[in-house]
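Student: Give me a 3D structure for the following:
(chains A and B)
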Number of protein chains: 2
Amino acid sequence: MFKDADEQLETILRGTVDVVTKEEFIKKLARSVKENKPLRIKLGLDPTAPDIHIGNAIPIHKLRAFQSLGHTAILIIGDYTATVGDPSGVNKTRPMITYEKVLENAKTYLTQASKILDLNKTEVVYNSQWFKKMTFHDVIQLTSKMTVARMMERDDFTKRYHTGIPISVHEFIYPLMQGYDSVMVKSDVELGGTDQLFSLLVGRDLQKDAGMEPQIALTTALLEGIDGNKKMSKSLGNYIGITESPQEIFGKAMSIQDDLMGKYFELATDLSTDEIKQLIDPIRTHPRTAKVTLARAIVRRYHGDKEAEASAAEFDRIFKEHALPDKIPDIVLSPDELKDGKIWIAQLIVLCGFATTNSEARRLIQQGGVSVNSEIIDCPTLNVEIKSGMILKVGKRRFARIVLP
Amino acid sequence: MFKDADEQLETILRGTVDVVTKEEFIKKLARSVKENKPLRIKLGLDPTAPDIHIGNAIPIHKLRAFQSLGHTAILIIGDYTATVGDPSGVNKTRPMITYEKVLENAKTYLTQASKILDLNKTEVVYNSQWFKKMTFHDVIQLTSKMTVARMMERDDFTKRYHTGIPISVHEFIYPLMQGYDSVMVKSDVELGGTDQLFSLLVGRDLQKDAGMEPQIALTTALLEGIDGNKKMSKSLGNYIGITESPQEIFGKAMSIQDDLMGKYFELATDLSTDEIKQLIDPIRTHPRTAKVTLARAIVRRYHGDKEAEASAAEFDRIFKEHALPDKIPDIVLSPDELKDGKIWIAQLIVLCGFATTNSEARRLIQQGGVSVNSEIIDCPTLNVEIKSGMILKVGKRRFARIVLP
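Tutor: As a prediction, the model looks like this:
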């Protein structure tokens, strides 16, 4: 049933950073092959936000890789942990999110995760199942298993402690909760980004304490945002969401910095290591061609081949030929919105859905990214005269045809 | 109903160390007098051991002082906290004591406390009442109210952290539990030894956080043991238990070091400040007379006047006249215990209840404190020939008459 351990290892280790410990992992894999018994691979997701982006999808793809090799994927939905509030948010002692919202997010997470995993073969577990039953006494027992010094080994805690940025005591409990999940699902391997290494190791400790063979901590690299500067994150706006449209994904991927292409190829596409080697070699492949291949490969992961080709062609047409895209949505303006046949340009942008607030619209105008019928608008207080059929363009890829009823 | 605030203050501040803050305390007292409304005074006791000694009785006497002034005494029995295990005991992650044992201890605590307090006028509250209802979520909420840096301000935590002695995460939760008790009973003042100051201040923080006027933290001095070296404690054997016999208390008190007499007078007797001043002035009072007065005053606190005088007389007789005490218990030896009419001296000491183990008995012999019919026994392996009526003496004050049936 299983491929041999060495072959599996090659697939699994792609894009990983820490394997604690590699020796133990090789042993577990070999035993799994010998006994024809799948390993239990755990990934925990806290549904605090509704969207998954290609950065936090990396460990989900790793989970999929294990699943494809015949192992058991276990997805922990941290519905209990999520309601408690964000531990990295200081002074936020109240829960930041209601349980209803968490369940709603969990639902969209699963829908999104199903783009990557075979959910029929995945054990989906909500951790409220065990945490909601715990008494104060149980919590004390759990926290007694970890020392303050051990907690302070976590990079961000050390830094915050020494720079005087408050750490709330309850933040020490989070890694313990995540570790306790591992005890409950008896995981052989836990996946996570490199920023999760500490919590993954706590899982090892708690499993050992419970008399179990400790799980392997296996981390995947964190992906920089498309702006190349920071970790990809929703709040920094430098992300590619896995549910975004093919055109949006393609366009965003085309703006990835050249020197990050190798990392994106490795972590965000299914291309083989050999293919990637060739693509990132500027002598063998023109960077522009490589970028298009990257963008297509990312779209392919979430929307399939056909959409990947279509969005590539579309992108090409717009940018090369400076032509309008095939499909431009009609935005029907109610006459009520107009005054003397005119409307404030910022308001128009908001009405078309290209900005959520007037001030965001203003910023877009000031950045020079707004045009009406190909004419750049540079005054954010302008009142535009509306003629049915005029084209509003915001940024490089967003168009609307304004229609009067 | 109430004495005026200044008069109360004098009584209350005797033997105290910290008052946080004194300004607030004076304000609360004044308001209590003005509104004729008693203050709520809290003292928490964790019934982890069965005995109260005159050291840990100090805050109970302070509570009594408040009670006598007309305020409301609240005794928190930490039955929930006690089952969790001793936080100062590292590596002891399992509860050290069963709930049954805790309740048993709580019962003897109350019996002992009734020697000091008027329990009919005391609110006795078990903290399991609120803690057993708390969910994991509630615990997280509680712990989110305190920062790690604040916890590390506690002297012993700082020291342990910097010397590498492990602090278990659950130890951070204890002060929060104690503080939460203050929120639940809405205390105006919390009493404790100086080693409790940090927890008392946590109570202030949590009350403020809950929108209440913060309690006053009022600490009493810790009493050195009769050996003069350390804090008085059961485990160090340098204590005077409040349920010990008048003779035992008197004898132990007579062994208190001269330079500690002032402190013992202040913290462990009901003598007035003026009386004490005179007693500890070696020009006005001979130290021997002062010591006898001290011993009598301590016995009086727990056994009344008559017993105090009797034990003083008895002590005098034994030590001055080298006479045997009035009452010597008969210990009836079963012939089964003897071999050729003899018994191992260590075993005899254990059978008489003067040591709990043979090795403790050996130690007593080696220290030269054991005699039979006034003859010092210096060989710990001796087999003594038993004659009915012989007197075994261990230490200065323990006698037994050995009787054969």
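Student: in stretch A:37-51, what's buried?
Tutor: A:38-50 (16 or more other Cβ atoms under 10 Å in any protein chain shown). Heads up, the C-betas are built off the backbone N, CA and C, glycines and all.
Student: can you narrow these to ones near chain B?
Tutor: Among those, no residue lies close to chain B (Cβ under 8 Å from any Cβ of the partner chain).
Student: In helices only, show me those.
Tutor: The helices, defined by DSSP state H, take in nothing from the buried residues of stretch A:37-51.
Student: Could you single out the nearest of those to chain B?
Tutor: A:Asp46 (13.8 Å; Cβ to the nearest Cβ).
Student: Please identify the nearest residue in space to the closest one, excluding sequence neighbours.
Tutor: Spatial nearest neighbour of A:Asp46, excluding adjacent residues (Cβ to Cβ, 6 or more residues apart in numbering or on different chains): A:Gly78 at 4.0 Å.
Student: Was I right to think the one you found contacts A:Pro47?
Tutor: Yes - the pair A:Gly78 / A:Pro47 is scored as a contact, 7.0 Å apart, by Cβ atoms under 8 Å.
Student: Give me the contacts around the helix or strand containing A:Phe399.
Tutor: Taking DSSP states H and E as the criterion, A:Phe399 maps to strand A:398-403. Contact partners of strand A:398-403, identified using Cβ atoms under 8 Å, 6 or more residues apart in numbering or on different chains, comprise A:324-325, A:328-333, A:348, A:352, A:354, A:386-394.
Student: And the residue of the stretch 301-405 of chain A closest to chain B?
Tutor: For the stretch 301-405 of chain A, Cβ to the nearest Cβ, closest residue to chain B: A:Thr356, 31.1 Å.
Student: and that residue, how far is that from B:Lys42?
Tutor: In this view, A:Thr356 and B:Lys42 are 52 Å apart by Cβ to Cβ, to the nearest Å.
Student: Now the strand holding A:Phe399: buried residues?
Tutor: A:398-402.
Student: Identify, from those, the entry nearest to A:Gln129.
Tutor: A:Arg398 (43.6 Å; Cβ to Cβ).
Student: The closest one bridge partners, please.
Tutor: A:Val394 (DSSP bridges).
Student: what's the answer for A:Leu43, then?
Tutor: Residues in beta-bridge contact with A:Leu43 (DSSP bridges): A:Leu75, A:Leu191.
Student: how close does it sit to B:Ile58?
Tutor: From A:Leu43 to B:Ile58 the distance is 56 Å (Cβ to Cβ).
Student: repeat for A:Ile249
Tutor: Taking Cβ to Cβ, one finds A:Ile249 at 72 Å from B:Ile58.
Student: And for A:Asp6?
Tutor: 71 Å.
Student: which of those two has more neighbours?
Tutor: B:Ile58 (24 against 11; other Cβ atoms under 10 Å in any protein chain shown).
Student: which phi and psi does the residue nearest to that one when sequence neighbours are not counted have?
Tutor: Leaving aside its chain neighbours, B:Ile58 sits nearest to B:Thr220 (4.7 Å; criterion: Cβ to Cβ, 6+ apart). Phi and psi for B:Thr220, reported as degrees, to the nearest 10, are phi -110, psi 150.
Student: likewise the one 3 residues further on?
Tutor: Summarising the backbone geometry of B:Leu223 under the convention degrees, to the nearest 10, its torsions are phi -100, psi 130.
Student: circling back: verify the stated contact: the residue of the stretch 301-405 of chain A closest to chain B with A:Arg363.
Tutor: No - between A:Thr356 and A:Arg363 there is no contact, the gap being 11.5 Å when judged by Cβ under 8 Å.
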